[in-house]
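J.: sequence and predicted model, in that order:
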Amino acid sequence: MMSGNGRSLVLGRFRVLMLSFFLALSGGVPLQADDWTPATSEEEGDASPAQCSSGLVSGLRCTGRYCDDMALKCSPNPTLGDRSWSPYFSEEGNNEFVCPAGRWIDGLRCRGRYCDNVSVRCAAAPNVQTNHCYWAPSISEENSGTIDYGSGTYLKGLRCRGRYCDNLESYICQTEKPACTDESCRAEQARRFAPVLRFDKVQGATDKCFPSDAGQYYEIRKSGSRERVCNTDVSSVENGLIPIYYAYQDCSLDTTVIMYWFFYGYQDTCTGSLGSHDADWERVAVKIRNGQVERVQFYQHGGHYTRQGNDLEFFEGTHPVAYVGKNSHGSYHDSGGTGSCLYFEDFRNPGPRDLRLNTWQNLVELKDTPDAPEWMRTKSAQYFDGIAAPLARGINLCALPGCDGKDFHIGSTLCFGQCGCAKSSIGDAPF
């Protein structure tokens, strides 16, 4: 049996704990770095907003029906000045608010059914510099409901879409220069995390092409030639002679996304004359956080999906393995396929031949600079037979959704249409 003194001690500790919790809710106790605030909802209204008492917002989370309960991840910044709340906004009219120059979001509140009307608090932070801002992919309770902006990247604006502001988009800004600011640093990182492409056992046979040189193809078409261009040279794969292109983007101080592009001169049909065409760009995206592969995104025609780093095959520790479809050249995290035209059924069986391309052997950075080749800088798709070159697509690598393609499917393999999301381990949450 506990003594009277023991009961008093436990009761005292309980009271201290409850007092600390109350103060945290009211903003009286500054949240520490990487702390999440208690969630706010319309039930609490203006009286209990989610707020970072002495810092900026480095992440957003929502749970509950229609993203009803919202919390903020706080990072320290003791130089915050005066604060003011924005007008309420909703998907029904003006659906966004961005803090003016020199101010950053440090609080969030809502009212109305299912938090339908949202207001943000803007705090003055004159010592925080803005380097690059963009809209991140939306979160909702239907996907992971969480986005972490990464070190040195903070929330400056918020937008809501969908019924009852169900989908929340963050306008975020990097505040420090990226770790890699020169070409040699980017190249080193790109080599370290470049994927291995594993080909089907019959790849290289008639019209079953390997990747090839995009620049050569561009010049052939520019000359007026309509000849078929299909690389079937096995030695070009074995000796690493094929140029592989990459785009590099630092998303925060600890997070980088590298997208690797592979060009094929011709895509063969999966049955009869269905699906064949000239010029084919394929890709794989790798997300690196704190020097480790966090996720990899695999692209197919019209869709893509994401796999977590702990659910992937690697070569030599840092190179994710991608299995290439025999006909459509889509990239997958696994081998298999039945050979039909269904989304995940393109043959990708290496067999004993086990032909692979170590893409880091001949990497070329994609650049839109005066000294870059014409094909790389062009916004026209004319000499790629109507297929836009990588840089012409204007892709923000820091704002990729976790998947694309939600057509009808049964399970994760039998799928009709564009079905990338069926195999995504994060759904369509931000990559």
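T.: Received it, and whenever you're ready, just let me know what you need.
J.: from here on, contacts and neighbour counts on C-alpha atoms
T.: OK.
J.: ignoring the adjacent residues along the chain, who's closest to residue 103?
T.: Nearest non-adjacent residue to residue 103, counting by CA to CA, 6 or more residues apart in numbering: residue 124, 4.4 Å away.
J.: so who does the one you found touch?
T.: 80, 81, 82, 83, 102, 103, 104 (CA atoms under 8 Å, 6 or more residues apart in numbering).
J.: separation between the nearest residue to the fourth one once chain neighbours are set aside and residue 55?
T.: The reference is to residue 83. When the adjacent residues along the chain are set aside, residue 83 lies closest to residue 123, with 4.3 Å between them (CA to CA, 6+ apart). Distance from residue 123 to residue 55, counting by CA to CA, to the nearest Å: 9 Å.
J.: joint contacts of those two?
T.: Common neighbours of residue 123 and residue 55 (CA under 8 Å, 6+ apart) are 80, 106.
J.: okay, helices next: where are they in the stretch 51-200 of the chain?
T.: For the stretch 51-200 of the chain, the helices defined by DSSP state H, counting those that start in this stretch cover 183-193.
J.: contact partners of stretch 343-353?
T.: For stretch 343-353, using CA under 8 Å, 6+ apart, the contacting residues are 198-201, 270, 323-328, 335-340, 413-419.
J.: repeat for stretch 291-303
T.: The contact list for stretch 291-303 (CA under 8 Å, 6+ apart) reads 193, 254, 282-288, 304-310, 318, 320, 322, 328-333, 402-405, 418-421, 431.
J.: I'd like the average pLDDT over it.
T.: The pLDDT scores in stretch 291-303 average 94.
J.: now the element after the helix or strand of the chain at the bottom of the mean pLDDT ranking, going C-ward?
T.: One helix or strand of the chain scores below all others by mean pLDDT, DSSP states H and E: helix 4-26, with a mean of 39. Sequence order places strand 35-36 as the next helix or strand after helix 4-26, per DSSP states H and E.
J.: wait, a strand at residue 264?
T.: Yes: Residue 264 forms part of a strand when assessed by DSSP: H, G, I helix; E, B strand; the rest coil.
J.: thought it was touching residue 283?
T.: No: between residue 264 and residue 283 there is no contact under CA atoms under 8 Å: 11.1 Å.
J.: sorry, back to before: among the contacts of stretch 343-353, name the buried ones.
T.: Buried members of the contacts of stretch 343-353, counted by 16 or more other CA atoms under 10 Å: 198-201, 270, 323-328, 335-337, 339, 415, 418-419.
J.: drop anything exposed from the contacts of stretch 291-303.
T.: Using 16+ other CA under 10 Å as the burial test, the contacts of stretch 291-303 include 193, 254, 282-288, 304-309, 318, 320, 322, 328-333, 402-405, 418-421, 431 as buried.
J.: narrow the residues you listed to those in strands?
T.: For the buried ones among the contacts of stretch 291-303, the ones inside strands are 282-288, 304-308, 320, 322, 331-332, with DSSP state E as the criterion.
J.: for these, which one is nearest residue 383?
T.: residue 282 (16.9 Å; CA to CA).
J.: what's the closest non-adjacent residue to that closest one?
T.: Among residues not flanking residue 282 along the chain, residue 262 sits closest, at 5.1 Å (CA to CA, 6+ apart).
J.: go on, residue 266?
T.: Of all residues beyond its chain neighbours, the one nearest residue 266 is residue 278 (4.4 Å), with distances taken as CA to CA, 6+ apart.
J.: am I right that residue 375 falls within a helix?
T.: Yes: looking at residue 375 with three-state DSSP, it is inside a helix.
J.: how far away is residue 288 from residue 337?
T.: As defined by CA to CA, residue 288 lies at a distance of 29 Å from residue 337.
J.: swap in residue 107?
T.: 49 Å.
J.: same question, residue 392
T.: Computed as CA to CA, the residue 392 to residue 337 distance reads 32 Å.
J.: can you check residue 323 too?
T.: Distance, residue 323 to residue 337, using CA to CA: 11 Å.
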